[in-house]
Structures are given as structure tokens and as C-alpha cells.
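Trainee: dropping a prediction and its sequence here:
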Amino acid sequence: MSTPADAPPISHKASTETPQTLPQWLLAAVQRYGPQQVALRKKRHGIWHEFTWQRSADQVQTLAAGLLRQELPPGAPLAILGDADPECLWAQLAAQALGHPVLHLLPTASPQEISQVLSVCQVPLVFARDQEQWEKLQARQYHIPQVQQVFYWDTRGHQEPDDPWLVPLAHLLEQGRHHLAYTPEIIQEHMARGQGSDKALVTLSAGTTGDPRLAALPHRALLASLTTLPAEEHPQAGDNYVMALPLALNSEQALGVVAHLTRGSILNFPENATTTLADLREIAPTRVAFPAQVWESQARRLQHQLLNANRLSRGMFWAIWRRRQRWTSLDPLVMLGDALMMNPLRDKLGLRFAQQHYSVGQPLSQAVLDFFQGLGVEIRSLYSSAECPLLDLRAPSTPGHLEQQTSEVGELQLRGAALFSGYQGEAPRPPDVWFSTGDIRFSADPTRLERLIDVLPLASGATLAPQLLESRLRFCPYIADAMVFGAPGVPFLGALIVLDREHLARWAEARQLTYTTYAELARQRATAILIVEALQGINAELALEIPLRNFVLPLRPFEVEAGERTRTRQLRRAALSTHYAPVIAAVLNDRTAVTTPEGERLEIYSL
């Protein structure tokens with residue numbers, strides 16, 4: 001993948017005009033931050049490798065020149081499949097330099113999902129990181145005849161595929177070098193033609209309430225995304241940011257790619273998805289952004305470690321934690337507690353030097369926010385979707401960039417340049433028209449959002465936002481997931497509770513409980529008693545107007561393949577409500593047991 005040592009660096013002449021596209025910002029960054037300054041890091045085989053701004057820009061222009069040789073349809077979207085890698089970023093910028101929007105696909109997407117999207121978008125060329133991804137494409141090759149070529153680059157632990165349809169990325173780079181040898185300025189000429197209104201990305205909506213939709217994001221929307229952050233939180237040159245999430249997520253495009261190109265942040269790419277947390281600790285980034293599920297999972301893990309710690313360590317932690325909640329970080333006892341316990345804990349999480357901590361996606365419960373605040377980690381919630389790359393809900397409207405308002409029913413509405421330009425197959429969206437997000441905003445806390453369709457009507461005539469209660473349930477060290485439900489006229493709430501098998505297994509082992517499968521663990525009476533006690537504590541803590549009373553423990557977790565979750569791990573509430581309809585009805589009717597559509601008997605537990 002690397003450029004030969006004897007290959008001369010490519011000249012990067014940035015325009016004197018303000019850049020309007022991401023590739024134009026790359027050329028400007030080479031001049032602004034210095035061609036030999038570190039721009040990217042990638043961990044391979046346990047070693048961090050550095051790439052300068054010059055090297056990064058060379059790779060982009062060489063790949064773009066190689067793409068020119070492919071004679072692709074003008075403006076056709078190109079797809080990238082796999083976890084975040086420098087090659088993913090370079091391929092994205094190379095495609096955009098030639099006017100091709102990029103469709104990033106989640107690495108967890110199934111072959112059927114991939115082929116469907118590639119067919120709808122008529123994608124002629126795909127970049128696939130490794131064997132896991134190119135095999136998905138091979139499995140559906142005859143369903144995507146418009147795909148001319150698939151380029152791959154990571155073959156660690158695998159043999160080269162014997163298929164002319166699959167080509168090493170090194171071949172495309174070699175073609176690009178030959179092309180640039182004869183026409184060295186051609187890519188910069190293409191870059192110079194780019195406009196802020198050009199499509200940069202084609203992104204898939206989450207699909208929590210139906211089939212995903214394809215939204216087109218212009219360059220101007222991405223470049224305006226960081227303007228919604230407070231000035232004191234704007235990224236700075238030399239800041240470290242770990243690309244912990246796939247580039248298919250618009251929040252990663254804004255906080256990672258845009259901050260890199262326009263502010264000079266250094267992007268750090270983990271070795272793979274399984275090493276992210278360890279790599280995070282090695283880099284100790286300045287800014288971090290995770291989905292709510294990751295913060296909740298970390299909180300559960302820390303709580304479980306506390307439960308297994310000795311009484312002295314556990315007592316010290318909670319004493320320091322409570323002191324931190326009441327006093328500033330300059331308090332002498334808080335400073336002592338930080339030195340003894342909280343700093344090592346933050347270091348273990350890779351957050352020792354992080355100044356901004358963001359949660360993107362589903363709302364976090366106050367319990368999770370308070371828990372991390374006691375550790376010295378202030379989490380800010382950001383809004384991001386396929387239609388809006390990034391929005392800080394604390395920020396005031398910024399006319400011309402992104403304005404926000406709340407409709408009569410409480411729905412968040414947006415307008416401005418930092419939004420998508422329209423959906424695939426539909427007429428372009430007028431920029432001066434308010435876009436209804438489908439998310440309700442609560443007057444008590446305007447930074448908390450809930451899907452409007454998910455808000456539950458209660459017996460009292462009030463409503464309940466289930467995601468906040470579900471986040472509180474997931475804060476319990478033994479609950480991995482939950483779906484809360486209710487109905488008008490029913491004086492209590494019910495829930496489907498998915499167990500955290502890893503933490504519960506250790507609890508069961510300490511009590512010498514015998515089981516072999518998740519289903520057997522869920523059927524244990526002792527497990528039910530443990531969850532009852534946890535829910536009783538949550539009811540007392542929250543003092544809900546309508547209490548959570550009945551619950552069941554399904555015999556398997558919620559699954560993406562069953563349509564119960566999105567690929568970003570969010571609940572598909574409608575699908576779950578349909579699949580578990582008999583169970584939900586039995587819970588709300590106060591029965592003691594129910595048989596599922598698969599013929600399994602589930603106990604219904606009551607607090």
C-alpha cells in the first residue's frame with residue numbers, strides 16, 4: 001500500500017480561495033499544518049505507524065488518478081465497506097476529488113443488505129477492507145452486475161483471492177502513479193472544480209421505525225457541522241482523536257474527518273474493532289465520542305468490578321465519588337481522591353487526558369451521566385442522524401448554518417446548510433424549509449430527545465419516554481438491554497429484560513449456579529430474584545408516576561438478524577412489539593406465564 005521510497009512527493013498547490021470540499025481542505029491542510037507533520041496513525045501488528053500530511057495527500061491523489069483510469073460513470077457513488085482505516089479515508093477523499101459521492105457501509109451489514117443498497121445506488125466500484133467484507137460481495141456477485149471491480153487491501157492471515165473481480169488496492173495505486181507521471185496536475189484540476197453543493201456522502205438512516213432511507217449530504221453540510229459546537233470545544237491542531245466507530249456514522253465524519261481536515265486533529269485508527277479500548281488507552285486522546293451503548297457498557301463493567309472489589313476499595317471509591325459530586329476539582333480531598341483512584345480509573349478507560357466526552361445516538365439516563373461525572377468525566381450528548389451530521393442541542397441556532405426550533409407537539413425541527421440535500425429517488429429538499437426530525441424534545445431538558453413514535457401514553461393521560469428508562473435499566477450491571485412498554489388504562493409498565501451474560505456468569509459462578517446456555521441462565525430462579533431487586537431499587541430511585549412492575553426474561557438476546565435491532569445496535573421497537581406481541585399482552589394483563597410464538601414458556605415476574 002505504501003508509496004515507493006524513490007517516488008517523488010506530489011506537489012500540492014492549495015487554492016487561495018476558501019476551500020469548499022473535503023479534498024480541497026486536504027490540500028490546504030498540507031500547507032497549513034506542514035507537509036512533514038503527523039496527520040494519521042494506524043496500529044498494525046501491535047505497532048503504531050505514522051503518516052504525514054504529505055503522505056496522506058499523495059495517497060489520495062494517487063488513488064484518484066487510478067480511479068480516473070477506471071472510466072466510471074460521472075457522479076456515480078462509490079462504496080466503502082469495513083472498519084475505519086486510513087485506506088478508507090484516502091479512498092473516500094479520492095472519490096470525492098473526482099466528484100463521486102461515497103457510500104460507507106457498516107462492517108456488520110449482511111450480504112443481502114449490501115447488495116440491495118449497491119443495486120439501488122447503482123454503485124460501479126467498491127472498496128472492501130478485508131476477506132470478511134469481500135466474501136460478502138462475492139456471495140452476492142450475480143445480484144450486483146453493475147459493480148465492475150472490488151479493491152481490497154488487508155490480507156493479514158488470509159491468502160490472496162483467486163478472482164479477477166477482486167483486485168489489490170496496490171494495483172490501483174500503481175495505475176495512479178503511471179497516470180500522474182504523464183499528467184501530474186490532473187487531480188488538482190478535478191479538485192478545484194468541486195463546489196460546496198456537490199454530494200459528498202450518501203448515508204443510510206438508522207431504520208429504527210421502518211426501512212432505512214438514503215440521504216445525500218453535500219460538502220457544505222459536513223463542513224458546517226462543527227459550527228454547532230461551543231467555541232471552547234472546537235478541535236485544535238494536534239489534538240488526538242481515535243476513530244473508534246465506522247465512517248458510515250455521520251458523527252464520525254464530523255468529529256473525525258472534518259475536524260482532521262479543517263482543524264488539524266490527528267486521527268488514530270485502532271488495529272481492529274476488538275482492540276479499540278486498549279488502543280484508546282495507548283493514545284490517550286483529547287476528545288472521545290461513543291454511542292450511548294458503549295458508555296452504558298463501560299459503566300456496567302466498572303460497577304461489576306466494584307461489586308467484586310474488597311470492601312475497603314469499594315468504600316473508598318464511593319466516598320471519593322460522592323465528594324466529587326458535591327465539590328469542585330480544586331477541593332483538596334477531591335484532588336487526593338483523583339490521585340489515588342479516579343486518575344488511574346480514567347487512565348484505564350483511555351480518558352486520562354480527554355477534555356471533551358461525547359455521547360452520540362440514544363439518550364443516556366441521568367444515572368449514567370452522574371456515574372461518569374463522579375469519575376471526573378463530563379459527558380455531553382450530541383445529536384446525529386443521516387440527515388444531520390452533528391448538532392449540539394445546547395447551542396443556539398446559527399442562521400445560515402443550522403437553525404433549530406420545536407413544533408407545537410414538541411418535535412425538533414431543523415433548517416440550514418448543515419443538513420442533507422434530499423433523499424435518494426426524491427426531489428431535492430429546499431434549504432429554507434424546516435425539516436422535521438421525528439424526535440420529540442422535552443421542555444424540562446431540551447438536550448434530551450426521544451423518537452416521537454416511541455413515546456408511550458400512560459393510564460394517567462401523561463406520556464413516558466421509554467429510552468431514558470431503558471438507559472437506566474442498562475446501567476444495572478446485570479442488564480444488557482431492555483424494552484419498556486405500557487398501554488392506556490394499564491396502571492403499570494412492563495419490560496423485556498436481556499441479561500448481561502458476561503457479568504451475570506461471574507455472579508452465577510460465585511454462587512455455584514449450574515447452567516450451560518443463556519436460556520438456562522435466564523430460567524434460573526435466582527436470576528429472576530436478582531433482577532427483581534434491581535428493578536425495585538430503580539423504581540424507588542426514579543419515583544415513576546407509573547411504576548415498572550412486570551417483566552420477562554427472553555431466552556435469547558435481541559438480534560440484528562431477526563430484525564429486532566439496527567446495525568447500529570438500536571432497538572427496532574415496532575419489530576420487537578410484533579414478534580413479542582403475545583408476551584407483551586400477557587405482561588400487561590398481569591398473567592404469570594406465557595408461551596412465545598416459538599413454543600417456549602416464559603415466566604412473568606412481578607415486583
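Mentor: Yes, it's here.

Trainee: quick one, helices of the stretch 151-300 of the chain?
Mentor: Ranges of helices within the stretch 151-300 of the chain are 169-182, 186-192, 219-223, 250-252, 259-263, 276-283, 292-307, based on DSSP state H, counting those that start in this stretch.

Trainee: oh, that last question was meant for the stretch 401-550 of the chain, not what I typed.
Mentor: If you assign secondary structure with DSSP H, counting those that start in this stretch, the helices in the stretch 401-550 of the chain sit at 466-474, 501-510, 518-523, 525-542.

Trainee: other SSEs contacting the third one?
Mentor: Under the contact criterion of 3 or more C-beta pairs under 8 Å, 6 or more residues apart in numbering; DSSP states H and E, the helices and strands touching helix 518-523 comprise strand 493-499, helix 501-510. From N, CA and C alone the C-beta is placed, and that goes for glycine too.

Trainee: comparing the ones you listed, which comes out most buried?
Mentor: The highest mean neighbour count among the helices and strands packed on helix 518-523 belongs to strand 493-499 (a mean of 24), with neighbours defined as mean count of other C-beta atoms under 10 Å.

Trainee: show me what the spatially closest residue to residue 455 that is not a sequence neighbour is bridged to.
Mentor: The spatial neighbour of residue 455 that comes closest, neighbours along the chain excluded (C-beta to C-beta, 6 or more residues apart in numbering), is residue 463 at 4.9 Å. Beta bridges link residue 463 to residue 457 when assigned by DSSP bridges.

Trainee: quick check: residue 463 vs residue 440, distance?
Mentor: Counting by C-beta to C-beta, to the nearest Å, the gap between residue 463 and residue 440 amounts to 9 Å.

Trainee: alpha carbons of the helix or strand harbouring residue 92, in PDB - could you do that?
Mentor: Secondary structure from DSSP states H and E places residue 92 in helix 86-97. Extracted C-alpha coordinates of helix 86-97, given in PDB (Å, rounded to 0.1, in the frame of the first residue of the first chain):
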ATOM      1  CA  PRO A  86      -6.500   5.200   6.700                       C
ATOM      2  CA  GLU A  87      -7.300   3.500   3.400                       C
ATOM      3  CA  CYS A  88     -11.000   4.100   3.900                       C
ATOM      4  CA  LEU A  89     -10.300   7.800   4.400                       C
ATOM      5  CA  TRP A  90      -8.000   8.000   1.400                       C
ATOM      6  CA  ALA A  91     -10.500   6.200  -0.800                       C
ATOM      7  CA  GLN A  92     -13.300   8.500   0.300                       C
ATOM      8  CA  LEU A  93     -11.300  11.700  -0.400                       C
ATOM      9  CA  ALA A  94     -10.000  10.300  -3.700                       C
ATOM     10  CA  ALA A  95     -13.600   9.500  -4.900                       C
ATOM     11  CA  GLN A  96     -14.800  12.900  -3.700                       C
ATOM     12  CA  ALA A  97     -11.900  14.600  -5.500                       C
END
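
Trainee: so which residues make contact with it?
Mentor: Defining contact as C-beta atoms under 8 Å, 6 or more residues apart in numbering, one finds that helix 86-97 is touched by 1, 21-23, 26, 40, 42, 51, 56, 59-61, 63-64, 66-67, 78, 80, 82, 101-102, 104, 127, 129, 151, 153-154, 169, 187, 190-191, 194, 198, 200, 219, 247, 257, 267, 269.

Trainee: residues contacting the nearest residue to residue 236 once chain neighbours are set aside?
Mentor: With C-beta to C-beta, 6+ apart as the criterion, residue 236 has its nearest non-adjacent residue at 6.5 Å, and that residue is residue 263. Taking C-beta under 8 Å, 6+ apart, we find residue 263 in contact with 226, 234-237, 239.

Trainee: closest one to residue 591 out of the residues you listed, please.
Mentor: If you rank those by distance to residue 591 using C-beta to C-beta, residue 226 comes first, at 52.3 Å.

Trainee: roughly how far apart are that closest one and residue 418?
Mentor: Where residue 418 is concerned, residue 226 sits at a distance of 9 Å (C-beta to C-beta).

Trainee: quick one: which of the two has more around it?
Mentor: residue 418 (27 against 21; other C-beta atoms under 10 Å).

Trainee: list the contacts for the more buried one?
Mentor: Applying C-beta under 8 Å, 6+ apart, one finds that residue 418 lies in contact with 220-221, 224-225, 227-228, 388-391, 401-402.

Trainee: what's the farthest-apart pair in those residues?
Mentor: Maximum pairwise distance among the contacts of residue 418 (C-beta to C-beta): 15.4 Å, between 220 and 391.

Trainee: please report the distance of residue 145 from residue 122.
Mentor: Counting by C-beta to C-beta, the gap between residue 145 and residue 122 amounts to 10 Å.

Trainee: follow-up on the earlier one: now the helices of the stretch 151-300 of the chain in TSV, with distance to residue 508 and mean pLDDT?
Mentor: Putting these into TSV (distance: least, C-beta to C-beta, whole Å; pLDDT from 0 to 100) gives the following:
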stretch	distance to residue 508	mean pLDDT
helix 169-182	47	94
helix 186-192	59	93
helix 219-223	48	94
helix 250-252	37	94
helix 259-263	44	96
helix 276-283	25	90
helix 292-307	13	88
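
Trainee: mind putting these into JSON lines with distance to residue 331?
Mentor: Formatted as JSON lines, these follow (distance: least, C-beta to C-beta, whole Å):
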{"stretch": "helix 169-182", "distance to residue 331": "54"}
{"stretch": "helix 186-192", "distance to residue 331": "53"}
{"stretch": "helix 219-223", "distance to residue 331": "42"}
{"stretch": "helix 250-252", "distance to residue 331": "34"}
{"stretch": "helix 259-263", "distance to residue 331": "33"}
{"stretch": "helix 276-283", "distance to residue 331": "27"}
{"stretch": "helix 292-307", "distance to residue 331": "22"}
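
Trainee: of those, which is nearest residue 371?
Mentor: Relative to residue 371, the nearest member of the helices of the stretch 151-300 of the chain by C-beta to C-beta is helix 292-307, separated by 5.3 Å.

Trainee: so what touches the closest one?
Mentor: Contacts of helix 292-307 with the rest of the structure, by C-beta under 8 Å, 6+ apart, involve 313-314, 317, 345, 349, 359-364, 368, 371-372, 379, 471, 474-477, 479-480, 500, 503, 506, 569.

Trainee: so how far is that helix off the chain centroid?
Mentor: On the basis of C-alpha atoms, centre = their mean, to the nearest Å, helix 292-307 is displaced by 18 Å from the centre of the chain it belongs to.

Trainee: thank you, goodbye.
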